[in-house]
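Enquirer: Here is a sequence with its predicted model. Questions after.
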Amino acid sequence: MSEENITRLYVNDKEIILIGTAHVSRQSAEQVKEVIDREQPDSVCIELDEQRYQSIIDNNKWRQTDIFKVIKDKKATLLLMNLAISSFQNRMAKQFDIKPGQEMIQGIASANENGAEIVLADRNIQTTFSRIWHNLGWTGKSQLLTSVFFSIFSKDTISEEEMENMKSKDTLNAVLAEFTETFPKLKTPLIDERDQYLAQKIKEAPGKKIIAVLGAAHVPGITKEIHKEQDLAKLSAIPPKSIVPKIIGWAIPILIVALIVITFFTNPSAGFDQALSWILWTGSMAAVGAAVALGHPLAILAAFVTAPVTALHPILASGWFSGLAQAYIKRPTIADFEKLSEDVFTIKGFWRNKVTRVLLVVVLTNLFGSLGTFIGGADVIRVFFKNF
């Protein structure tokens, strides 16, 4: 059998075999089975955390999603991003007629068949997202979201040969170099920290012979980090939130209210104009966002009515109210959850599926509402200085 994409390491008294895979590749899945059957390891480490593992072994997990709870827990944007990112992988999997993550599924199955212990070696995905988001400034966040959005709906296809070539170390290093040049702060939490976390979990796996099924991007880093001791608690810590956004979040609404009140006392007519401008800009723009998401008329109305108030409260968001209205009126069915994996292939599918439609109503209402807050606030300031 070819040893291509296989790295053998010896750490203390353990033999560790790393299998570098492409996450959508039939050959990767076949190689995983072949290596595990031949080597008969004591443990098989999988590049999954508990959340992703459960979603793989329980195909009906989507049916249990409570869309109302997603909105209330402020996870609509995160869920929409997860669906958007996974759509690219699912599209490639469909192109090659295999399941996304087939090599991980095969690793789990082969471990069970050979009596090896399964070790979920990756860091919790929400921790990784939190640390990524914390590392990016406003510009970086905007660039990342834009990049992800345009890559999601790309119509480009690649050959299976190109897919396999992606696993070569030379190609991989070139890709990572370009990736870190565009988003230098992203590589640390997304690649480097997970290399360290994975290396420690693999090293601590029970038994003398361990096989790890990993995305090829992690193999060079793990090869380097596995000989060091890593602090898993430190790598798993959620970065503390900065107090600055909270201060700004309260300062701006207080300023807006103060300017309107002062103007009312000095010139009631101008104060009325300020208040009306604030209501129209914030309400109208939030309503436009809900309409762009093709929200129900009552969801659009909810966006318009709540935006002038929620824009003055940093903890509230008009998108939550419009999203809840949309979910209540156009409640997603089990069939909608079952069609998610297909519908997220296209922009049209995102708008057609009731699940993603609700998420879009939440996100676009908030996005357009933020623009309305900026314009309305600027107009309040303009009228204030004009009055004085």
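Expert: That came in fine, so what should we check first? Residues are numbered from 1 along each chain as shown.

Enquirer: what residues does the helix or strand that contains Ser55 touch?
Expert: Using DSSP states H and E, Ser55 maps to helix 50-57. The contact list for helix 50-57 (C-beta atoms under 8 Å, 6 or more residues apart in numbering) reads 46, 48, 61, 101, 104-105, 108, 120, 122, 124-126. Just so you know, the C-beta spots here come from the backbone N, C-alpha and C atoms, and that holds for glycine as well.

Enquirer: Could you pull up the mean pLDDT of it?
Expert: The pLDDT scores in helix 50-57 average 79.

Enquirer: got it, and stretch 204-217?
Expert: 92.

Enquirer: Check stretch 124-133 too.
Expert: Rounded mean pLDDT across stretch 124-133 is 80.

Enquirer: buried stuff in it?
Expert: For stretch 124-133, burial by neighbour count (16 or more other C-beta atoms under 10 Å) applies to 124, 127-128, 130-132.

Enquirer: would JSON lines of these with distance to Val35 be doable?
Expert: Converted to JSON lines, these look like this (distance: C-beta to C-beta, whole Å):
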{"residue": "Asn124", "distance to Val35": "27"}
{"residue": "Thr127", "distance to Val35": "29"}
{"residue": "Thr128", "distance to Val35": "27"}
{"residue": "Ser130", "distance to Val35": "34"}
{"residue": "Arg131", "distance to Val35": "32"}
{"residue": "Ile132", "distance to Val35": "31"}
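
Enquirer: hmm, back to that, which among the contacts of helix 50-57 end up buried?
Expert: Buried by 16+ other C-beta under 10 Å: 46, 48, 101, 104-105, 108, 120, 122, 124, out of those.

Enquirer: re earlier: of the buried residues of stretch 124-133, which is the nearest to Leu198?
Expert: Thr128 (11.6 Å; C-beta to C-beta).

Enquirer: Need the contacts of helix 50-57 in TSV (columns: distance to Asn114).
Expert: Formatted as TSV, these follow (distance: C-beta to C-beta, whole Å):
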residue	distance to Asn114
Ile46	14
Leu48	18
Lys61	26
Gly101	20
Met104	16
Ile105	15
Ile108	11
Leu120	18
Asp122	21
Asn124	27
Ile125	27
Gln126	32
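
Enquirer: Can you flag which of these belong to strands?
Expert: 46, 120 (DSSP state E).

Enquirer: What is the nearest of the contacts of helix 50-57 to Tyr197?
Expert: Out of these, the member with the shortest distance to Tyr197 (by C-beta to C-beta) is Asp122, at 7.1 Å.

Enquirer: you'd agree the closest one is up against Cys45?
Expert: No - contact criterion C-beta atoms under 8 Å: Asp122 and Cys45 do not qualify, at 9.0 Å.

Enquirer: intersection of neighbour lists for those two?
Expert: Joint contacts of Asp122 and Cys45 (C-beta under 8 Å, 6+ apart) are 198, 201.

Enquirer: contacts for the host helix or strand of Ala302?
Expert: Per DSSP H and E: Ala302 is located in helix 297-310. Contact with helix 297-310 is made by 278-279, 282-287, 289-291, 295, 316-326, 329, 361, 365, 369, 372, as judged by C-beta under 8 Å, 6+ apart.

Enquirer: Turn the buried ones among those residues into a named ChimeraX selection, would you?
Expert: Buried subset of those, written as a ChimeraX selection, criterion 16+ other C-beta under 10 Å:
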select :278,279,282,283,284,285,286,287,289,290,291,295,317,318,319,320,321,322,323,324,325,326,361,365,369,372
